[in-house]
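Undergrad: just the structure for this:
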Amino acid sequence: MKKFSFYFLFIFIFVSLILSVDLILSNSILNYKSCMKYEKFYYELKKNCRGKYRFKKSFPIVETITDDMGLRVGKKSFPKNKDKKNIFIFGDSFTYGVGIEFEKTFAGLIEKKYKNYNVYNFGVGSYSPSVYLYKLKKILKEDLIPEKILLFLDLTDVIDEATRWQYDEKSEEIRLASSYVYETSQKKEKFIKRHFKLLNNVASYLNYHSRNLRELTNIKLNKKRKIKTSIQGSFTYLDSNSLDKRFWNENKFLKGKAILKKRLLQIAEISKKNQIEFYLIIYPWSETLEFGQKNFSWSNFASEICSQNKCNLIDAIPDFQTYKNQNKNWSTDLYFLNDEHFNEKGANLLFRSVEQNLKK
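TA: Predicted coordinates:
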């Protein structure tokens, strides 16, 4: 009985010590500052901010650093120089670089490669061309003119244009269709997540790597890998009747596609007027590579927009397809596990595809 009491007391003290340490760390070192600024119908990155960000529970925590314009930069980002020409990069969470330190994102690699340019990365999660148009017009009024615009078109842009963003042509203002994002941002984390971050992080880390190990084992055993499908990207390989009716219907798809095309052509027109080289860049999700574009060709859609010299198209999908054909572990090589976002290797492959097609 005494021996049992001793072990019980030891375990109790040990667990209490761990929980106490976690509680202290969670409210000090692990109490990460968010660099996201939320308004009722809009959001953007804070200016001159240094914080940390986790995109999803299974994603690594990465540092977020922003400059005086509220744009994500790296620890070793070059200061802007008025004597240099400018490159503007527009995109969403892919371009922001979720789960990756800035220097290893494709935007960070572009900045490192093109040291003779000032590189401005306007990428923020769930932004779409309506927001890019708003941002571009606003910055041009401040007499900051780029030589090149690199716009990374994402599959989510169709549904985002149909349901998420509203751009007022007269006032040239942008707003979210609802205040849902703002209201969600105001909710406090649950008690356990807020005060026991160390254990949560350890659990997430172990879960992610165990799932990754299972996936790699299945590939080695020649079992069929499971490629994540999505609501946003399924329109390329599913017919309209098979799409999730809670989010898609024929009118919503056509609306999103029409607005998307209109915004891109407006950006192309502004670029031409200001003698800016406009590049439209498309890339695949893992499901695009696995299931193709048999129902709706993303490549043909982008090509149509860039026809008649409206823009310079960089279609990175063939480069990713080549990698897939040559590498058995392509999905885990290029993408975060069970997610559409690029990991470091995927970001690097997209960067190399852009670099090879960008006019010097």
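Undergrad: just the buried residues of stretch 265-274, please?
TA: 266-268, 270-271 (16 or more other CB atoms under 10 Å). Backbone N, C-alpha and C define where each C-beta goes, glycine included.
Undergrad: same deal with stretch 61-77?
TA: Result for stretch 61-77 [16+ other CB under 10 Å]: buried residues 61-62, 64-67, 69-74, 77.
Undergrad: next one: stretch 243-255
TA: For stretch 243-255, by 16+ other CB under 10 Å, it's 243, 248, 252-253, 255.
Undergrad: ok, now how distant is Tyr42 from Lys33?
TA: Using CB to CB, to the nearest Å, Tyr42 is found at 20 Å from Lys33.
Undergrad: looking at the two, which is more packed in?
TA: Tyr42 (17 against 11; other CB atoms under 10 Å).
Undergrad: which ones are touching that one?
TA: 174-176 (CB atoms under 8 Å, 6 or more residues apart in numbering).
Undergrad: now neighbour count, pLDDT and secondary structure too, for the residues you listed, in a markdown table please.
TA: Shown next, in a markdown table, are these (neighbours: other CB atoms under 10 Å; pLDDT from 0 to 100; DSSP: H, G, I helix; E, B strand; the rest coil):
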| residue | neighbour count | pLDDT | secondary structure |
| --- | --- | --- | --- |
| Ile174 | 21 | 97 | strand |
| Arg175 | 17 | 97 | strand |
| Leu176 | 18 | 97 | strand |
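Undergrad: ranges for the strands of the stretch 101-250 of the chain?
TA: According to DSSP state E, counting those that start in this stretch, the stretch 101-250 of the chain carries its strands in the segments 117-121, 148-153, 165-168, 173-176.
Undergrad: for the longest one, C-alpha coordinates in CSV please.
TA: Output for strand 148-153, consisting of C-alpha atoms alone and laid out as CSV, is shown next (Å, rounded to 0.1, in the frame of the first residue of the first chain):
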residue,chain,number,x,y,z
LYS,A,148,6.6,43.4,-63.2
ILE,A,149,3.4,42.0,-61.6
LEU,A,150,3.4,38.3,-60.7
LEU,A,151,-0.2,37.2,-60.0
PHE,A,152,-0.4,33.6,-58.6
LEU,A,153,-3.9,32.4,-59.6
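Undergrad: show me what that strand is packed up against.
TA: strand 85-90, helix 129-140, helix 250-273, strand 277-282 (3 or more CB pairs under 8 Å, 6 or more residues apart in numbering; DSSP states H and E).
Undergrad: what's the closest of these to Asp319?
TA: Distance to Asp319, taken as CB to CB, is lowest for strand 277-282 among the helices and strands packed on strand 148-153, at 11.3 Å.
Undergrad: pairing partners for that closest one, with directions?
TA: Using DSSP bridges, the strands paired with strand 277-282 are strand 148-153 (parallel), strand 312-315 (parallel).
Undergrad: could you tell me the angle between that strand and helix 250-273?
TA: For strand 277-282 against helix 250-273, the angle by axes from the mean of the first three to the mean of the last three CA atoms, to 10 degrees is 150 degrees.
Undergrad: helix or strand next in line after strand 277-282, which one?
TA: As assigned by DSSP states H and E, the chain's next helix or strand after strand 277-282 is helix 286-291.
Undergrad: tell me the gap between that following helix and the middle of its chain.
TA: In terms of CA atoms, centre = their mean, to the nearest Å, the centre of helix 286-291 is found 18 Å from the chain centre.
Undergrad: one step back: show me which of the buried residues of stretch 243-255 is closest to Glu355.
TA: Out of the buried residues of stretch 243-255, the member with the shortest distance to Glu355 (by CB to CB) is Phe253, at 33.2 Å.
Undergrad: and the nearest residue to that closest one once chain neighbours are set aside, how far from Val158?
TA: Nearest residue to Phe253, sequence neighbours excluded (CB to CB, 6 or more residues apart in numbering): Phe235, at 6.2 Å. Using CB to CB, we find Phe235 at a distance of 7 Å from Val158.
Undergrad: of those two, which one has the most company?
TA: Each of Phe235 and Val158 has its neighbours counted (other CB under 10 Å); Val158 has more, 28 against 23.
Undergrad: quick one, what contacts that one?
TA: Counted by CB under 8 Å, 6+ apart, Val158 has contacts 232, 235, 253, 256-257, 260.
Undergrad: put together TSV for those residues, with distance to Phe301 and pLDDT on each row.
TA: Listed next are the contacts of Val158 as TSV, based on distance: CB to CB, whole Å; pLDDT from 0 to 100:
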residue	distance to Phe301	pLDDT
Gln232	15	91
Phe235	11	93
Phe253	12	90
Gly256	12	94
Lys257	8	94
Leu260	9	97
